[in-house]
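**Q** could you work out the structure for the sequence below:
(2 chains)
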Amino acid sequence: MPDVRETTLDNGLKVLVQEVHTAPLASVWCWYRVGSKDEAPGVTGVSHWVEHMNFKGTRNIPRDQVKGIIEKFGGSWNGYTWIDQTTYLETASKDALDRMLFIEAERMDGCLYDPADCESERTVIISELQGGENDPEQLLDTEVTAAAFKVHPYHHPTIGWLSDLQTMTRDDLYGHYRRFYIPSNATIVVVGDVDSDDVVKRVAAHFGGIAAGTRPPRVRQIEPEQQAERRVVLRKEGTTAYWKAAFHAPAFADPAFFPLLVADAVLNGAAGLNIWSGGSVSRPQRSARLYRALVDGGLASSVSGGLMPTEHPYLYGLSVSVAEGQSLGPVEQVVLTEVARLQRDGITPAEFAKVNAQLRARFVYDNDSVTDIAHQLGFFETIGSWRACHDLGSRLDAVTPEAVQAAAVKYLTPENRTIGWFEPVTQ
Amino acid sequence: MALAPTGTVLANGLTVIVKPNHTTPAVSLLIAARIGAYADPADREGTAALCARVLDRGTVTRSAAVIADDLDGRGASLSVVTGRHQTAISATCLAGDFAAVLGLAADIARHPAFPDAEVATRRADLISSIRQDDDNPAPMAVDALARALYGVHPYARKIRGTVPSVERIRRQDVVRFYQKGFQPQATTVVVVGDLDPDATIASVATAFGDWPASARASEDQSGSAPPAGPAGVAVPDAIAPHERRLVAVPMMNKAQADIAYGFVGIRRSDPDYTTVSVMNNALGQYAIGGRLGDSIRERQGMAYYVFSGLDATLGPGPLTIRAGVSAGNVERAIASIDEELTAVVTSGFTEQEIDESKSYLIGSMPRQLETNAAIASFLLTTDFFGLGLDYDVRLPGLIQSVTRDAAVDAARRLLDPARATIAVAGPWNADRADDGQGHR
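**A** Numbers count the residues shown, from 1 in each chain, chains lettered A, B, ... in the order given. Now for the predicted structure:
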C-alpha cells in the first residue's frame, strides 16, 4: 500500500499527501463536497457556474494575472463539477508547489465575482450547454436521468436547466460560493516529487488562516423506490438511433456496488473507476456479452455500461448506438434478453476470472500519473474516504459469482428501470 | 531528465525503440506502419480506416473470438488507429502479460486474415460512425473546411471516407492496402513501461526478426501499386487560396454552430516548424486559448471553446481555428477572429507573450512525457519524422531560440484574414456564404 499522509488542520481542512518520486512533478487538487445534487430548484447549475467564476481573479490575484499563472511553470490547471463534487487541479513542476497552494487558498476564500464577469460567463455556460445539446446521446441521457429521479436532486443535469442559467443572479452565485467553499467542506491532495512533512507545513501556511465556517446542510431527500418502468421517447431530426436504459443502483459504499460492477464487466468489459482519465485506455470488451450480441451481431455500432462511484444511490446505465439500417426494437430485445440470461443463469467461472483480471488491470491503469493518483484520493475522500482507493482489490476479492447474480436480480428489473429511445426523424 | 530511449534496427529493417518507466507495473506498445489514409485508392476513401477496423479481427491462426478472449482475459486493451500517414496497433497491458500481448500483436501485424464476414460487419460499423458524424456540427465543419481549403489536393479527403466510398471498398482493396504498407522496413515498434530494455528488444526481435524484408503475402499481388517505402511518400504542395471563402453547412436541428477557420499550414520538415508552433501557442493555445481565448471566451463570453491547432505532417496540413458559438454570434465570432489575426499580423505579439509560450512549451515537457502512452506516442512521432532519439533533449533549445520577430514573421506568412477559408456547420444559413459545399 502506498503511504498516504493524512492530517486535518484546526479549521477542518483535510490534507492528503502521497510521495511519488518518479518525475519532478507535483499535482495539487482541491476538492469541495458540493455538486449539482446540492442545488435547490431555480438555481440548478450554480455549482458548475461557480466553478467557472473561480478562475477569474481573487483578492491577491488580479484578473489580468490569472492567465499564465501556472502555465509559466509548464503547468496545466483545470477543474470539473459533477453530481457530488467540485474540484480544481494544477499539475506542474514540483518547484511550483507553493504557487499551486497559493492559487487554491485564494480560490477557497478570495474570489471576486465581479458582476460583469458573472454576466460574461453566463453566455459561455449557455454555449457549453448548447454544445452538449448538439449530441443526441447527451440529450437522451439528460431526459432519461431526469425521468429516473423524481425526488432526489440527481434529477437535474450538472450544467443546469437553461431557464435557471438565464435567470440566476450574481448573488445566487456568490452565496453558493460562500456557503460551500470553507475548509471543513474541502480536501487538499498533493501527490508527486515532494516531502510529506514539508507539504503539510506549506498547506498550513497557505490555508491555516481561513475561518472554519459553518458546515453546510446536506441533501436529505431519498428517492422513493421506483414502482414501474418509465419510458422516454425523443423524436428529433438526426441520423442515428440511440438506446439507453438506466437502473437505480447502489451507492459506492453499498456492499452491492462491486457485485454490480462485476456484472457490468461481464456485459460490457471492465471500465475502471477513474472518471477523470478512465477513457484513455479503451475497454477490453470484445468478448463481453452485449458486445458480442449487439456489435458482432450487426445491430449496434457501440455499446457501453456505466456504474459510477457516487455518494448516494445513482444509476447503472446501458447505452447503445444503433447501427445504420437497424432499429431500436430489436436492440432493446437483445439487451433485455441478455439481462434476463444474467439473472437466470448467472456468470461462468471463466467469465468471473476474466473480469476479475480486467478490473485489477484497470485499477493499475487508473493510477498511471501523479495527476491521476491525486484525483483518485480526492475523489473517494469526497464521496466517503480516500482509503477506498486502497480497498478496491479487497472489495473485489469479496465478490462471489452468486453475489453478481443476486445484484443483477435485485437491480436490473423492469420496475427499476427507465428506458430511453432517440428515434431520428429525417426532414 | 532525458528520456534516453534505446533504439535499434533489426536486420529486416524494422525499427525498435524501448524506454523503461517503472511508475506502474504496466506497458504501452505501439506497432506503427508508415501508411495511412493518404494511400486510399482514389474512389475508395476510408480504405485505411476499414483496414484498421478489420486488422485485429482474425489472423491466419487465430480467429477474432480467440484474439478477443485472450486480450480480454488479461485485461489488456488493443486497438488499431489510422491517420493520414500512419496506421498503428496500440496496446496497453500489465507488465506480466507483455510477452503474450507482444506475440499476439505481432501476429496481428504480420498475418491478418481479413475474414469476409468481419470486413462486412466492420464496414457497417464504419458507415454507422460516418452517419453519426453527419449529425455532428464539429466534424462537419472540419470536413467542409478541408474540402474548401484543399480542393483537389489529397488532404481534402476524409480519413473515414464517405458512405458511398466505403460501400465501394472490397476485401481485396483492404488486403492490397495492408500489403503495400505493412512491411518491416516501414514499421516501427515502440515499447514503454515496466520493462528491461535488452530483454524487450530481444523479445521484439523474436516476434518480428523473421518477417522478411520483402514481405508480400502470396495473394492479391497482381495489379497492386508499387510499395511506398518509408521515404516514398511525396506529398505535393497545396495551393493556398488567394481569396477569402465562407462555406455554410446548415444543420438547423442543432443548438449551436461550429466554426472552422483555417489556412494551409506547413510541413513538419519546414525549418520554421518550431517557430510556427510557438506562434500557434501564443495565438490560440496558451492558458484558455491564447489571444483568441482572451477575446472570444474571456472578454466577450461568446464561446465555451476557441483554440487554434497546427497539423504539420509529411505534407502541409492545416492551421485551424475552432470555436463553438450560438447561431446569433457566428458573424461576431468570425469578425473577432479576423480582428485578432489582423492585430497579430500588423502589430505582432509582445515579447512577453512569446516568452510565456516558450516557457510553457519547455516547462510542460516533463508533465507531457509522464505516462507510458504519452512517451510512446512522442517517441513514435520523433521516429516518424526522423528527429532523432535525443529530440526531447534538443527540443527545449530549439524552442528557446525562437525570437519574437521570427514568430511574428511566421504569423504574417500564414495568417491573412483576406485569404482565410471559413466553414460554419450548425443552425446558421449564411446569406453571404459561397455555399455549393453544404450538403444537408
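**Q** burial of the residue nearest to A:Gly12 when sequence neighbours are not counted, as a residue count?
**A** Spatially, and ignoring its direct neighbours in sequence, A:Gly12 is nearest to A:Ser184 (2.9 Å; C-beta to C-beta, 6 or more residues apart in numbering or on different chains). For every residue, glycine as well, the C-beta is placed using N, CA and C. As a burial measure, A:Ser184 scores 17 neighbours (other C-beta atoms under 10 Å in any protein chain shown).
**Q** A:Ser184 and A:Arg215 touch, don't they?
**A** Yes: counting by C-beta atoms under 8 Å, A:Ser184 does reach A:Arg215; the two are 5.5 Å apart.
**Q** for chain B, what's its nearest residue on chain A.
**A** Of all residues in chain A, A:Gly74 sits closest to chain B, at 2.1 Å by C-beta to the nearest C-beta.
**Q** now do the contacts for that residue.
**A** A:92-93, B:359-360, B:362-367 (C-beta atoms under 8 Å, 6 or more residues apart in numbering or on different chains).
**Q** next, it: phi, psi?
**A** phi 70, psi 10 (degrees, to the nearest 10).
**Q** so how far is A:Pro24 from the closest residue in space to it that isn't next to it in sequence?
**A** Leaving out its chain neighbours, the residue that sits closest to A:Gly74 by C-beta to C-beta, 6+ apart is B:Gly363, at 2.1 Å. Going from B:Gly363 to A:Pro24 by C-beta to C-beta, to the nearest Å gives 11 Å.
**Q** and the pLDDT for whichever residue of the stretch 251-400 of chain B sits closest to chain A?
**A** Going by C-beta to the nearest C-beta, chain A is nearest to B:Gly363 of the stretch 251-400 of chain B, at 2.1 Å. We have a pLDDT of 93 for B:Gly363.
**Q** and it, what is it in contact with?
**A** Per C-beta under 8 Å, 6+ apart, neighbours of B:Gly363: A:72-75, A:92-93.
**Q** pLDDT weak spots in chain A?
**A** A:279, A:427 (pLDDT under 70).
**Q** quick one: the helices in it?
**A** Secondary structure of chain A, counting by DSSP state H: helices at A:46-53, A:97-109, A:115-133, A:136-148, A:162-167, A:170-180, A:196-207, A:257-268, A:289-290, A:328-345, A:349-365, A:370-383, A:388-397, A:401-411.
**Q** quick one: closest of these to B:Ala418.
**A** helix A:115-133 (27.9 Å; C-beta to C-beta).
**Q** okay, that closest one in CSV with CA atoms only?
**A** Output in CSV follows, covering the C-alpha atoms of helix A:115-133 (Å, rounded to 0.1, in the frame of the first residue of the first chain):
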residue,chain,number,x,y,z
PRO,A,115,-20.8,41.4,-11.8
ALA,A,116,-19.5,42.0,-15.4
ASP,A,117,-17.6,38.7,-15.2
CYS,A,118,-20.7,36.9,-14.0
GLU,A,119,-22.7,38.2,-17.0
SER,A,120,-20.0,37.3,-19.5
GLU,A,121,-19.7,33.8,-18.1
ARG,A,122,-23.5,33.3,-18.4
THR,A,123,-23.2,33.2,-22.2
VAL,A,124,-20.1,31.0,-22.0
ILE,A,125,-22.0,28.4,-19.9
ILE,A,126,-25.1,28.6,-22.1
SER,A,127,-22.7,27.9,-25.1
GLU,A,128,-21.3,24.9,-23.2
LEU,A,129,-24.9,23.6,-22.6
GLN,A,130,-25.9,24.1,-26.3
GLY,A,131,-22.7,22.5,-27.5
GLY,A,132,-23.7,19.4,-25.4
GLU,A,133,-27.2,19.5,-26.8
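**Q** could I get the buried residue list for it?
**A** A:117-118, A:120-133 (16 or more other C-beta atoms under 10 Å in any protein chain shown).
**Q** now what about stretch B:154-170, what contacts it?
**A** B:36-38, B:40, B:43-50, B:82-84, B:123, B:126-127, B:129-131, B:133, B:143, B:146-147, B:149-150, B:235-236, B:238, B:315-318.
**Q** so among these, which ones count as buried?
**A** Neighbour counting with 16+ other C-beta under 10 Å marks B:36-38, B:40, B:44-50, B:82-84, B:123, B:126-127, B:129-131, B:133, B:143, B:146-147, B:149-150, B:235, B:238, B:315-318 as buried within the contacts of stretch B:154-170.
**Q** okay, B:Pro227: pLDDT?
**A** On the pLDDT scale, B:Pro227 gets 40.
**Q** if we ignore the residues flanking it in sequence, what's nearest residue 415?
**A** I'll assume chain A. Nearest non-adjacent residue to A:Glu415 (C-beta to C-beta, 6+ apart): A:Ala228, at 5.4 Å.
**Q** correction: the question concerned chain B.
**A** B:Leu341 (4.8 Å).
**Q** how many residues are close by that neighbour?
**A** If we define neighbours as other C-beta under 10 Å, then B:Leu341 has 24 of them.
**Q** can you give me the distance of it to A:Val124?
**A** The spacing between B:Leu341 and A:Val124, counted by C-beta to C-beta, is 22 Å.
**Q** give me the number of residues near A:Ala398?
**A** Every residue meeting other C-beta under 10 Å relative to A:Ala398 is counted, giving 12.
**Q** isn't it right up against A:Ala256?
**A** No: A:Ala398 is beyond contact range of A:Ala256, at 11.5 Å (criterion: C-beta under 8 Å).
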